[in-house]
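Visitor: Below: sequence and its predicted model.
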Amino acid sequence: MLGLLRARRGAVILFGLAAVVPLAVRDAYFLDSLVLILLWGALSAAWNVAGGYAGQVSIGHASFFGIGAYSAALMVTRFGRGPWLGMLVGVVLSIGAGFIIGFLSNRLKGPYFALSTIAFSQVLLIGVSRWRGFTSGAEGIPVPFRPGFLTLGLGHVGWVYMALAMALICFAVEVYLERSRVGYQLAGVREDEDAAEALGIPTRRLKVVAVTLSAALTSVCGSLWAQYIGFVDPTYVFSVDLSVRFALNTIIGGMGTALGPFLGSILITSLETYLRATFSGVKAGFTGIYLIIYGTALILVVRFVPEGLAGIAARLRVRRAHA
Amino acid sequence: MDPATGLGPAQIGVLVPLAVATILLGGIYALISVGLTLIFGIMRVVNFAHGEFLMLGMYLAFWAYFVFTVDPYFVVVVAIPLFFVVGLVVYGLVMRGVIRASHNVQIFTTVGLSTVLQNVALVAWSGDFRFVRPWHLSTVVRAGATTFNLTQVVASVIAVTLTLALVAFMKWTHAGRVMRATAQDRDAATLMGIDTDRVYRLSFAIGIAAVGAAGVLVAPLYSVYPTAGLQFVLISYVVVVLGGLGDMLGAMLGSLIVAAVEVAGSYLFGAAWKEIFYFLLFILVLLFRPAGLFGQRGAETLGV
Amino acid sequence: MPRFMFALVVAVLAVVVGGELALVGGQATSGEYKIGVLEPITGPLAFEGKRHVLGLEIVRDLINQRGGVMGKKLVFAMADATDPTAAASEANRLITREGVKIITGTFSSRLCGAASEVAARHDVIYWESSCVDPRFNKRGLKHVYRTEIDATGFGWYNIEFIAKHLAPRLNLKPNQIKIAFLSEDSSYGQGVTESARQRAKSEFGMQEVMLEYYNWQTLNDMTPTILKMKQLNPDVVHHISFSNDGVLFWRQSKEQNFLFKALVHAGATGYGGSDFGKALGNDANGVFALLEPGPGFRLEALKPEGQQIEKAFRDAVQKETGSYPLGAHQLAGSGLWLLKLVLDKAQSDDPEKFRAAVMSLDLPVGSMINGWGVKFSELGQNANDRVQHYMLQWQNGQLVTVWPEEFTTLRAKWIPLPAWDQRK
């Protein structure tokens, strides 16, 4: 156990700090940013399970996010039950959707698969926007805030710990995939699927498992997000921008590493928040600049530093080891 | 009560305008997709930024019209060489390095490119909706009881011309043969002394020139804004996949099919559902005939 | 775990923490009163958001010329609400870093829902000037107010116009009118259309012959829909458009020679935007759009204090933009003016005293900008019948005020719409 903690020093520091900070800092804006960093980090880590560890790159993970968000919101507003139940329903539905995507991943490769995931998320977007009777259509659903744990009506500090818990869960899943036999098999699938299959690894089943797991985690985050922000709107929760964002954080931070998504999220979410705050009102057009930076960073990272921030460290470690 | 479901003389009378609408719409989709078909067919790279180049073409038409009052049909003449150069530059800066890289790298490079282009447009020109309204936008050609909107007709005609020109180019010129050879087998082509880098650069540049020109031509038909590209990229991919990998004539047929699905869907079920139809079609084709309706079976798992 | 990684992590953290903690807004100097302004200044809704900001700035200057609020100069802390997450985050920042007690904004229903939740949790007053989601006021949040009527109000007014003004001039009883509903499918279109449908049917018994929604962004051809409508033969087309879709429908209707008696829209988008007139010139003649007052508006119909401020507002906008105020300017501006009236009465931003002042305001139609009156319900919603809306019509390249007739010198023409080439 102690060895594990030592090996994951970075993670211990990051998550430890996140746990400790709310005790000292009570500034609501700071805490809000922390919640967002942790939540986006968790979402990116969930994406990483399918994209980084299993090699199934999807640009449609917003599908699961939206399913989770709507399940929670509808369970509360339409059925009068608690969001936790909605979260559970969302997970079940996302697993179903995950099966479909997993099925697609077995039939399609690389870019085709990515395209099909985009199409899937858009089908959901359109369907939900039209189904006025059930989902309130394009008007979205305002989610009421009722204080209490069961209704996920938490204060800022409470939300930090909730987001942290989710982040830790996703992180733990990633670590499990790194260290377990399933994880090694998945790495095999990722690196060379045919070879893996020749070795007797059940590649098709593994891929579906990875995607479904990723879907479930994303859905839970979606449900949490719905309760946190308080408004679920189809054009946002199913958007391609959101799907790209999950991938973006992970790639910049380090695809296929456990801490990578969180590093990416820290960097990107805080940069975005900072730029938006600084440039509001004055020269407001410049807020778009941070996305130009990200897009360029994505192009550069994916080509020159494919292992991301975490990869830079690893490379230096190797160099030091050889020195 | 819904008149669309009966079938009397009124309904037959409606079939002709619907068919015309389908052909014209198919023409626009073909125009938008021909560049992508070429790039995808030769380079086997899925360019997620395809819609953004279209958007840039639309903005070119807008600014030319707004500042110089130049009609888009004249701007096209300038757009083709301009976007050709843009294609060369983008290839050199971005695409060349990733042509032999893994799928993920390619996907995210073009996704990153798409983000950059969208936001450059946003920062430079703001998110306001712009419109290009040349005099001929409201001009209609009447044949009997059917009306054809002139702008749509011209776009369709140009689409067909462009596609046929590219097909001819690919089939009968030396350069075209070289490109096809490279598409079939990259390594064999290199062994035969073909400079694949040059082939790719040319293909990409031609493809971008085509999509830039398409943007200029369709600008009068849509609103112009930085994220206008997204809806087109999805339609283009449906067309390209339907038509089969890089098969340009197939893509033209694919455009017609998508247009037909859209028009029929709108008429029968209401315009609200029309995107769902071609997305579902897309997913179904990907599932059951990923090589496209006209491509070779299994092609989608090889080479891509 | 290499030391470098450790150092990297710490460095990243330091940057983040430093950046976050450093984001402290400028403190208002003692002679100033700061409120938060949350509008979409970037992103897809920016084109309206920026006009809102302009309207706010103009009225702020008018307010400051008249002594400011509570004896202090009114200043803004701006925030950009690109999407719901950003709206919530920025609302947070305005409250904790800028220290505002009142936030105003926010144009779109997606944004105002999220942002007002945040405000409510911090006991900060949320003063919404234009989002139209009917559920905004029904969440039980005590300090959330809306100065503009919601989408149901728009639908309400549209049907009022059709039943009380159009029907008689068409020699039809309201329950004889065949009405087709067409709309873009965002929350705005859906909200207005559904409330119009509901009132049309339940109160007047109008015959609904069609209901169709579409996505304006992917729409490039309305031929199938128009062909269907030709067969259904409606009297009135109730079409809520967002942008180019209005132009497209009108143009293609002309191409297909689709004739109907009237088209009614609501709001400053689509048919109600200046672009529609620019695109079609005199071909635009005849279209009705529910909006804030336009040319033809009789100042004399307002109360004296309303006349003064309306005139000052119009002149200022004219000076700044070179044209008559647009809907976005008017909504934002009147919202801010109303805020000033409340603060004048409450002389405090304490939520309870503020609320008492809000509830006590009772001004008749014609008392302020846009000819509005004031009467808030218990839910914090300004009443339908005080927030007077007007029907404008495109006449020769301009949107002019034609209804209610006591407020304008101009009259509605082309009822029913004649053949396409005869609308002069």
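Guide: That came through, no problem. Residues are numbered from 1 along each chain as shown, chains lettered A, B, ... in the order given.
Visitor: Look up the closest residue to B:A121, ignoring the ones flanking it.
Guide: The shortest distance from B:A121 to any non-neighbouring residue, by CB to CB, 6 or more residues apart in numbering or on different chains, is to B:P226 (4.0 Å). Glycine gets a C-beta too; all of them are placed from N, C-alpha and C.
Visitor: Only alpha carbons, please: show stretch B:190-200 as CSV.
Guide: Listed next in CSV are the C-alpha coordinates belonging to stretch B:190-200 (Å, rounded to 0.1, in the frame of the first residue of the first chain):
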residue,chain,number,x,y,z
THR,B,190,7.0,4.5,-53.6
LEU,B,191,8.8,1.5,-54.9
MET,B,192,7.7,2.5,-58.4
GLY,B,193,9.4,5.9,-57.9
ILE,B,194,6.4,7.9,-57.2
ASP,B,195,6.9,10.8,-54.9
THR,B,196,4.0,10.1,-52.6
ASP,B,197,4.5,13.3,-50.6
ARG,B,198,4.0,15.3,-53.8
VAL,B,199,0.9,13.3,-54.6
TYR,B,200,-0.6,13.9,-51.2
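Visitor: Where do the strands of the chain begin and end?
Guide: No chain specified, so I'll use chain A. With DSSP state E as the criterion, chain A has strands at A:141-142, A:231-232.
Visitor: think we crossed wires, I meant chain B
Guide: Using DSSP E, strands in chain B cover B:140-143, B:146-149.
Visitor: Please look at the residue nearest to B:A121 and B:R130 and confirm they touch.
Guide: No - B:P226 lies out of contact with B:R130 (CB atoms under 8 Å); the separation is 10.1 Å.
Visitor: okay, these two: which has more neighbours?
Guide: More crowded of B:P226 and B:R130, by other CB atoms under 10 Å in any protein chain shown: B:P226, with 26 against 20.
Visitor: Just list the residues touching that one, thanks.
Guide: B:55, B:118-119, B:121-122, B:125, B:127 (CB atoms under 8 Å, 6 or more residues apart in numbering or on different chains).
Visitor: Also B:S223?
Guide: B:S223 is in contact with B:129-131, C:217, C:243-244, counting by CB under 8 Å, 6+ apart.
Visitor: Try it again at 6 Å.
Guide: Counting by CB atoms under 6 Å, 6 or more residues apart in numbering or on different chains, B:S223 makes contact with B:129, C:243-244.
Visitor: so which of the strands of chain A gets nearest C:N92?
Guide: C:N92 lies closest to strand A:231-232 among those, at 14.4 Å (CB to CB).
Visitor: quick one: that closest one near chain C?
Guide: Yes - against chain C, strand A:231-232 shows contacts by CB under 6 Å from any CB of the partner chain at A:F231.
Visitor: re earlier: just the strands of chain B: most buried one?
Guide: Scoring these by mean neighbour count under mean count of other CB atoms under 10 Å in any protein chain shown gives strand B:146-149 as the most buried, with a mean of 19.
Visitor: helices or strands up against it?
Guide: With contacts defined as 3 or more CB pairs under 6 Å, 6 or more residues apart in numbering or on different chains; DSSP states H and E, the packing partners of strand B:146-149 are helix B:9-43, strand B:140-143.
Visitor: in its sheet, what does it sit against?
Guide: strand B:140-143 (antiparallel) (DSSP bridges).
Visitor: picking up where we left off before, kindly compare burial across the helices and strands packed on strand B:146-149 and name the winner.
Guide: By mean neighbour count, with neighbours taken as mean count of other CB under 10 Å, helix B:9-43 ranks first of the helices and strands packed on strand B:146-149 at a mean of 22.
Visitor: residues contacting B:L113?
Guide: So B:L113 contacts B:49, B:94 (CB under 6 Å, 6+ apart).
Visitor: can you rerun that using 10 Å?
Guide: Neighbouring residues of B:L113 by CB atoms under 10 Å, 6 or more residues apart in numbering or on different chains: A:295-296, A:298-299, B:47-50, B:52-53, B:90, B:93-95.
Visitor: Just confirm C:T82 is within a helix.
Guide: No - assessed with DSSP: H, G, I helix; E, B strand; the rest coil, C:T82 is coil; it does not lie in a helix.
Visitor: And it, how far from C:H122?
Guide: Going from C:T82 to C:H122 by CB to CB, to the nearest Å gives 21 Å.
Visitor: Give me the more crowded residue out of those two.
Guide: Taking neighbours as other CB under 10 Å, C:T82 and C:H122 compare with C:T82 leading, 24 against 16.
Visitor: right, and that one touches A:T273 too?
Guide: No - with contact defined as CB atoms under 10 Å, C:T82 does not count as touching A:T273 (11.6 Å).
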